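# have a look at this prediction, sequence included:
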Amino acid sequence: MPRALVTGNHAAGHALAVAGEANRCARGCAGGAYPITPQTEIIEFLRDYSFTRGRIVPVESEHSAMGVCIGASLAGARAFTASSSNGLAYMTENVFAAGYYRLPIVMIAVNRTLGPPWNIWVDQGDSLALRDAPWLQFYTESHQDLVDTILLAFRVAEDPRVLLPALVAMDGFVTSHTQMVVDLPELSQVDRYLPACRVPHQLRRDHAVTFGGLTWPRETERHRRDIQQAMEQVPQVLAEAIDEFEKVFGRRPHGAISAEHTADAETVLVACNTMARTLRGVVGARRRKGERIGMIKSKLFRPFPRAAILAATAAAKRVGVLDRNHSPGSGGIFWQEIAATLHARPDVLVQDYLVGLGGGDVTPQIIDEIIDDLARRTAAADPVWKEVAA
Amino acid sequence: MIEFTIYGRGGQGGVTLAKLIATAYFLRGKYVQAFGVYAAERSGAPLQAYVRVDDEEITNHNQVRAPDHIIVLDRTLIAPKVLAGLKPGGWLVLNTPEPPEAFAETFAGRSVATIDATGVAVANGLGTRAVPIVNTTMLGAVARALGLTLEDVDAALAAVKFGGANRISAHQAFEKAITATLPGVPQQVSAAPPSGPAAGLLDESTGGMPRIQTGSWATQQPDRRQLTPPCNHGCPAGNNVRGFVEALGRDDADASLAILLRTSPLPGVCGRVCPAPCMDACNRRLFDEAVNIRELERYAADHGSEPEPTRPWRREHLAVVGSGPAGLSAAYHLARLGYPVTLFEKDSELGGVMRTGIPEYRLPRDVLGREINYILRHGVEARTGQTIRRAELLRLTHEFAAVFIGTGLQNAQTLNIGGADAGIQVEQGIDFLDRVRSGKVRLSGERIVVIGGGNTAIDAARTARRLGAREVRIVYRRARAQMPAIAEEIDEALEEHVRLDELVSPVRLQRDGCGPVLTCQRMKLGEPDASGRPRPVPDTSEDAQFDVPCDRVILALGQSSDTSILPEGSEIYEGKSLLGLSGCPIFAGGDLATNEGTVTAAIGSGRAGAWHTHRTLTGEDLFPPPDEPVAGPEVIHTQVFSRAPRRRGELLPALERVHTFAEVRQGLSDDPTEHPAAAEAQRCFSCGVCNFCDRCLHHCPEGILLREGDGYRFDYGFCKGCGICASVCPRGVIYMSEL
Amino acid sequence: MNVALRTDAETYCDALLRPGNTNCAGCGMSLGLRWLDEALGGEKPFMVIPACCGIVTAGAFPTSAYGAPTAASTFASAPAVASGISAVADLNDEDSVTVCWTGDGGTYDIGIATLSAAAERNENILYICYDNEIYGNTGGQRSSATPEGVRTSTTPRGKSERKKDMMAIMIAHRIPYAATLSIAHRDDFLRKVRVARKTRGFRFLLLLSPCPTGWKAEAEQSVDLIDAAVRCGLFPLYEVFDGVRYRINVRPDGTPVDQYVAGQRRYTGIHTDGSALHARIDEQWRLLNVLAEAFPADGRSA
């Protein structure tokens, strides 16, 4: 496995391309490509890649980028694309369509603040706005996590027990434009890891059916229940995919959540993406000082891994959630999920911190301040807006 | 609370009716609710709407499942299932032209109000014929049944800003609705339970046929019929004109001739001399020009091969007197039916007037001979030179099983204009034409006046021209438009420099200082006479009389029948046994019986005589059932057709033909590259008769018109009744009827 | 006769448009689909249908009134989804045909960017717009295909703007083939679909599709109305190759425009004044004639 110093975008482009190329012996791969900062480098990478049986269609909008993915997936190909921010917002209608069609498309979301006002920096509000779409959502903390998760995403999404699209998020600029050393998977490995993509309801000329036509309430309810049941399969399928990954790549990728020092931790902090890495440093330092503190890096957001979160917070008295996103009128979106998960644990204080919105630089010092704040609290309050340095 | 369920179709206005009913009660101070069930179906699909009325605020937003009253907006939806959930004592208000009692069984024990809302709505121009909007009309009937007043109706309509035709319709329905409580015990009907388990997107079994029988949406249905083509209707010989033309359109002259020979043994003759009333009737005449049927008949006769003649096999020997077209036709048809026939002719050759009265340049003798020969080949025995008078006829009645008489018109009309004393020759046209056959007549340098306007006048004039007459003039007392002669023949005569004096009546023949002259009187047209033609009346102006130099006068004023052959006291009914006969049955036909004066009519009459004879002898009736209605121009969809000029045969040049008795018309050519006959035949609209053009099949939006065997079948289970098949049928075969 | 005769109701399920579909009686789209089926000779296309009457046609899941694999796309996405399908077919060397079957809303309005992009990329798509000049699926609102003077539920006093010339827009993309279709000109229709099937790349066919419900016309008049529209010159039948080679298929024959307009109650009095419409028709034909003269398909003008 070549180790290389590359940007996050490059790493993601490589993972998508190799996954697509790995399907060359089946029906190939296709996707739509439309640029948007900070995602652009991914689709440039894909357009430059020489697929044996693949075509990246240079469309006129994100909406059509997902449209092409839907068509390609309906035609039985492995399909993928990437976008960011307002691009995702513009794409949204087709994002839902892809999920409701049960198409195992993989999309990279390079998190960027939704505008206006225009802001190109990281904020998970763009992909989290799609949380009610029938998509799996993964949030990645590093180049390696990103690459590994993209391959896991294909494997889980295409699993016949799941058959749902998957979104893999990374932080804009902080991951996408940062050079890091990463193990880039080789085609031969991916060939072994990813089975041929099979879309069981692929359009076939001998099967006259109208996908997506008028559906009565009974059938619609069945459809929604089927999707929920597929979502419920994901933790198991993901676990199997991780085991298989380790066999092929000799390395174990992060799971749905990464719980660290939580066994005896009275204070547990939750974060995702690169903020989780910063948090890891702060928690490690405090742990070394003897604090009963732990952390959860939450990778899988849809389906939300409630059981894993409950297990990892079994000893907790205080849970602090770091949200780099904001649902107006409510608060952080991860916090909503964690609070809902812990609703049966009235003894646990769950406090939300809105931090690093609009790409604010979240330093270890800020996280320290948050942990200190959490320690002082005796009861949960409204989400706390935590300013960062300019 | 009072609850209503309205059964209607998309587009009929069921939801609006719900709103109107709710409005009427709302204006009475009630709490109301009105809503429809919205789904994907389109105009015409069955849908429901609901109304609730209460004294208190209504919080129930579910569909009405146990209505107090039911309203059905479409008669095709009236079925027991609309009773689902209906509470006792409720009204059924139905859109139907039938009275409540018509539903005595279906809705026993129920209170039923009926109104022909569709009729009222259509009459007042609401909606389209396929989807009439009946909501406002039904409001009137509902009001009547439920004890609302016309003031309630008006207030509700005004509140929804309906007036005009809607208000008129509602009022009419209020007045016309019939209400009754039907005897019997009310039937309880429960709603259908839900079908099996819900299907999932990834199920293998998806994509089956739709389960909606969209035929239930239809308010009208297509069907096929056969009308009588106007050409067939207009053919005195009873030819299947459309049929033989269609066969020629397929370039199948043999089949075409076979069709002609079913009704007429003389297509080669008719194709030359028939005035072709079929062409006057042809619907194509109104589009561009009538199909050139006469030329096509000639083409079929001249180019088709006749089927092998049948031979007699019956025991009854029959006699036919007269070998003109009626006699030949009768003999032919009797022979085809298997009878041995003996044909009596006073002349030395067969053919009657066709031989003696029609000049060769119109009807070559070999053509006539060929067709007579074909008749004889059916085993008909000809006895020529046999004049049959009354006595001989009586004898025949004892020798034969039946006798048909077709002796035609023997007495020519005369005109008393003097002349004999002046030494000017006056001759009957029919005698003149017969005399010419001898080949010895010469008219070199003579000035000839022909009096009359029929075909004999034209024939005599043109024959005179060919015999070297210096000047030939036709004197006719009406205008050219009223001349019974074939129009083309008149044209050709004029081309041959025959002069036509219209509106001129002969007065007397005399000699003046310069020689023999015919004094003539100018006429003008007056009121129509009994024949429907304008009556010519003398012009009273001063110079209305003039003299025409004249060496010879030929009279062509028509002929009448000589009935002296018939048994005394007999009366002629065409095709019926003659009264006063003895021995065997006697039938008369042709001009003797009908005085129609055309070969074609005589052929038809001869065939009818043969069939009457056959029926009398065997009891078997060969006459077809009465004709279907004639396909008039209104059923023809002319947009489908392209204008195409009529194809005509070549004519001998006028300068050439005045010197010869060679046939003037050359007929349509059989050029194998141009196929003018087939092309001309393809101009036929095939009025009222399906020729399997497949336009209906091609244009059915649903694809439910199916080819079945030799025809088509409509699958009414899926036919939405759009009516396009009927609208695109070029020939009026498909029609729509209301359900 | 060259029709593939269906002699048995069992074969309904092979039809591209199956009986039992939910189209209104007399819908022009129904006939368009049947003739598309016939022109394809029974070959099953991949159908991509955006939000429009045409997807409701299919009826309720799990049944399908389409006898071919059909995907409902979002409103603006048909050409994008079809791009994906046809791209994968090409990658797998399949000689299939991907058909976008769309209304005027999806073509002239919400989907025009997607359509333009797919045309510019020359995707291997047969795009057919059944243009009923109205948002029929939502009950009859204006679209940019609605002609001037027509009353719709959002132009209750008659539309004051002119109809968009979609053919001109598509021709300007220099796509391999663009043509107009009439349900009153069957041979022309079948021939053009066959030409389109044989052509590779983006093909655009525009079908003037009567909507008896929205046009407030008798269902049985659908074919006759379109016949009149073509004959009076309002709807020219023509085809354009590579955006620069024009062929006019049917010329006006002097049929009065009233024959088209009078059969529909959607036209308002102000605009049905013959002279106004005749001026539009003249203008349209002057333009078309100039183009056909200057850029003939056959080396000489039609």
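Cool, got the structure. Numbering: from 1, shown residues only, chains lettered A, B, ... in the order given.

# for the closest residue to B:Thr181 other than its chain neighbours, give the beta-bridge partners.
In this structure, B:Thr181 finds its nearest non-sequential neighbour in B:Ser111, 4.7 Å apart by C-beta to C-beta, 6 or more residues apart in numbering or on different chains. To be clear about C-beta, it is placed using only N, CA and C from the backbone, and glycine gets the same treatment. When bridges are called by DSSP bridges, B:Ser111 pairs up with B:Trp91, B:Thr181.

# what about the helices in the chain?
All of this is about chain A. Using DSSP state H, the helices of chain A run over A:8-21, A:40-48, A:62-74, A:85-100, A:125-128, A:143-157, A:187-193, A:217-249, A:273-288, A:306-312, A:333-341, A:364-376.

# chain C, not that one
Under DSSP H, chain C gives helices at C:28-39, C:53-56, C:78-91, C:104, C:112-120, C:166-171, C:186-198, C:212-215, C:222-231, C:258-261, C:269-272, C:274-294.

# can you list contacts of the shortest one?
Just to be clear, that refers to helix C:104. Helix C:104 has contacts (C-beta atoms under 8 Å, 6 or more residues apart in numbering or on different chains) with C:Cys129, C:Tyr130, C:Asp131, C:Asn132, C:Glu133, C:Ile134, C:Ser143, C:Ser144, C:Ala145, C:Met166.

# check contacts around the residue of the stretch 151-300 of chain A at minimum distance from chain B.
For the stretch 151-300 of chain A and chain B, the shortest gap (C-beta to the nearest C-beta) falls at A:Val209, measuring 3.2 Å. Taking C-beta under 8 Å, 6+ apart, we find A:Val209 in contact with B:Thr206, B:Gly207, C:Pro62, C:Ser64, C:Pro69, C:Thr70.

# from those residues, which is closest to A:Glu260?
Using C-beta to C-beta, B:Thr206 comes nearest to A:Glu260 of the contacts of A:Val209, at 46.8 Å.

# nearest residue to the middle of the chain?
The chain I'm using is chain A. The residue lying closest to the centre of chain A (C-alpha atoms, centre = their mean) is A:Phe138, at 2.0 Å.

# chain C, not that one
C:Leu207 (2.3 Å).

# that one and C:Tyr127 touch, don't they?
No - contact criterion C-beta atoms under 8 Å: C:Leu207 and C:Tyr127 do not qualify, at 11.1 Å.

# now mean pLDDT too, for the helices of chain C, in TSV please.
Conversion of the helices of chain C to TSV gives the following (pLDDT from 0 to 100):
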stretch	mean pLDDT
helix C:28-39	97
helix C:53-56	94
helix C:78-91	98
helix C:104	97
helix C:112-120	98
helix C:166-171	98
helix C:186-198	98
helix C:212-215	92
helix C:222-231	96
helix C:258-261	92
helix C:269-272	60
helix C:274-294	91
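
# need those in CSV (columns: mean neighbour count).
Formatted as CSV, the helices of chain C follow (neighbours: other C-beta atoms under 10 Å in any protein chain shown):
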stretch, mean neighbour count
helix C:28-39, 26
helix C:53-56, 28
helix C:78-91, 30
helix C:104, 27
helix C:112-120, 22
helix C:166-171, 20
helix C:186-198, 19
helix C:212-215, 26
helix C:222-231, 25
helix C:258-261, 20
helix C:269-272, 14
helix C:274-294, 15
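
# which one of the ones you listed lies nearest to A:Ile367?
Of all the helices of chain C, helix C:78-91 comes closest under C-beta to C-beta, at 42.9 Å.

# report whether that closest one contacts chain A.
Yes - when contact is scored as C-beta under 8 Å from any C-beta of the partner chain, part of helix C:78-91 falls within range of chain A: C:79-91.

# does C:Glu120 touch C:Ile169 like I think?
No - between C:Glu120 and C:Ile169 there is no contact under C-beta under 8 Å: 11.6 Å.

# stretch C:109-116 vs chain A: in contact?
Yes - against chain A, stretch C:109-116 shows contacts by C-beta under 8 Å from any C-beta at C:Ala113, C:Thr114, C:Ser116.

# where exactly do the helices run in the stretch 501-650 of chain B?
Taking DSSP state H, counting those that start in this stretch as the criterion, the stretch 501-650 of chain B carries its helices at B:591-594, B:599-618.

# between those helices, which one is nearest to chain C?
Set against chain C and scored by C-beta to the nearest C-beta, the helices of the stretch 501-650 of chain B come closest in helix B:599-618, at 35.2 Å.

# so which elements touch the closest one?
On a contact count with 3 or more C-beta pairs under 8 Å, 6 or more residues apart in numbering or on different chains; DSSP states H and E, helix B:599-618 meets helix B:253-263, helix B:267-273, helix B:325-336, strand B:402-405, strand B:586-588, helix B:591-594.

# 6 Å instead, please
helix B:267-273, helix B:325-336, strand B:586-588 (3 or more C-beta pairs under 6 Å, 6 or more residues apart in numbering or on different chains; DSSP states H and E).

# list the buried residues of it.
For helix B:599-618, the neighbour count (16 or more other C-beta atoms under 10 Å in any protein chain shown) marks B:599-614, B:617 as buried.

# chain center to it, what's the gap?
From the chain centre to the centre of helix B:599-618 is a distance of 22 Å (C-alpha atoms, centre = their mean, to the nearest Å).

# how about the residues of the stretch 351-500 of chain B by chain C?
Counting by C-beta under 6 Å from any C-beta of the partner chain, no residue of the stretch 351-500 of chain B lies close to chain C.

# quick one: low-confidence parts of the stretch 351-500 of chain B?
B:420 (pLDDT under 70).

# which of the helices of chain C sits closest to A:Asp191?
For A:Asp191, the closest of the helices of chain C is helix C:78-91, at 17.9 Å, according to C-beta to C-beta.
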